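Chemist: Provided below for reference: sequence and predicted model.
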Amino acid sequence: MANEQEDLIHLDQLNKNFGERRILNDISLNLGRGEIVGLIGPSGAGKSTMIKVMLGMEKASSGQALVLGKQMPDRHILGELGYMAQADALYDRLTARENLHFFAVMKGIPASEIIYQIDHVAQVVDLSQSLDQRVKNFSGGMKRRLSLAIALLGRPKLLILDEPTVGIDPALRRQIWHELSRLRDKGRGILVTTHVMDEAELTDRVALLLHGQIIAFDPPKKLEADYQVSTIEDVFLKAEQQEENEI
Ligand SMILES: Nc1ncnc2c1ncn2[C@@H]1O[C@H](COP(=O)(O)OP(=O)(O)OP(=O)(O)O)[C@@H](O)[C@H]1O
């Protein structure tokens, strides 16, 4: 299924060491158009490191990482990519609207579209009423929502979202997943890391990352059938247990 030319993300036998420690071990993963892939794993499994290597923020020790067919960092494709990091990178002294405007310009969105796009992404994350407040007065959840809105600017072909719904209440979380599904149906690709197992059920395929290795990568229903359980949370617990028994 993996196709280097067509995949939006194509990782092949990727390894990453920090000093003597191997953090990512022989990672192969692909993500195509019109697909949401969930990356789940316990804290420290290597999810953020995987994303950083994909984006060229960390250098792979060996193997290949292609995003939109290119090795990152590549400024030519930055406009086609929406990235939301685990830590919010926002300008506290500016308002939400000013932040969105700044990032819209950085992404090269034409001036004629900026106002419309800011309104749209603010609506998706339910920040329309707070656009003119300074970010320093935002709660943690509001900052997460603004970061997500920024990632959505520019109708990117690919979204890479590191824990996008942390600190976001269930109703809005549902609304955000609705938007992600809509974008998927329009042919975009989305990679999302999450600790929320219910969210993993909403993805098309789930990659289970444990100790820097992908131990399973399949649609949620197939994983549940393979592990003979009824939720992804149980798949995860069982996989972790099996792995520990083998060590
Ligand atoms: N720059 C670095 N130098 C050394 N070790 C690092 C560095 N960055 C991450 N690590 C280590 O790599 C491992 C994986 O970290 P990573 O942040 O990728 O995990 P994660 O799965 O994203 O965890 P979480 O869910 O808590 O965010 C951890 O043991 C971490 O301490």
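Modeler: Ah, there it is. Residues are numbered from 1 along each chain as shown.

Chemist: show me where the protein has strands.
Modeler: 9-18, 21-31, 35-40, 62-67, 81-84, 158-162, 189-193, 205-210, 213-218 (DSSP state E).

Chemist: So which residues on this structure come close to the ligand?
Modeler: Among all residues of the chain, those adjacent to the ligand (criterion: C-beta under 6 Å from any ligand atom) are Phe18, Ile23, Gly41, Ser43, Gly44, Ala45, Gly46, Lys47, Ser48, Thr49, Gln86. C-beta: built from backbone N, CA, C; applies to glycine.

Chemist: Mind listing what's buried along stretch 130-139?
Modeler: Along stretch 130-139, the positions that meet the burial threshold by neighbour count (16 or more other C-beta atoms under 10 Å) are Ser130, Leu131, Val135, Phe138.

Chemist: The first one contacts Ala96, doesn't it?
Modeler: Yes - Ser130 lies in contact with Ala96 (C-beta atoms under 8 Å); the separation is 6.0 Å.

Chemist: Which neighbours do the two have in common?
Modeler: Shared between the contact lists of Ser130 and Ala96 (criterion: C-beta atoms under 8 Å, 6 or more residues apart in numbering) are residues Phe138.

Chemist: okay if I get the strands of the chain as a markdown table plus mean neighbour count?
Modeler: Output for the strands of the chain, formatted as a markdown table (neighbours: other C-beta atoms under 10 Å):
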| stretch | mean neighbour count |
| --- | --- |
| strand 9-18 | 18 |
| strand 21-31 | 19 |
| strand 35-40 | 23 |
| strand 62-67 | 18 |
| strand 81-84 | 22 |
| strand 158-162 | 23 |
| strand 189-193 | 24 |
| strand 205-210 | 24 |
| strand 213-218 | 17 |
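
Chemist: Now these in JSON lines, please, with extra columns for mean pLDDT.
Modeler: Written out in JSON lines, the entries for the strands of the chain read as follows (pLDDT from 0 to 100):
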{"stretch": "strand 9-18", "mean pLDDT": "95"}
{"stretch": "strand 21-31", "mean pLDDT": "95"}
{"stretch": "strand 35-40", "mean pLDDT": "96"}
{"stretch": "strand 62-67", "mean pLDDT": "93"}
{"stretch": "strand 81-84", "mean pLDDT": "92"}
{"stretch": "strand 158-162", "mean pLDDT": "95"}
{"stretch": "strand 189-193", "mean pLDDT": "96"}
{"stretch": "strand 205-210", "mean pLDDT": "94"}
{"stretch": "strand 213-218", "mean pLDDT": "94"}
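
Chemist: Many thanks, we can stop here.
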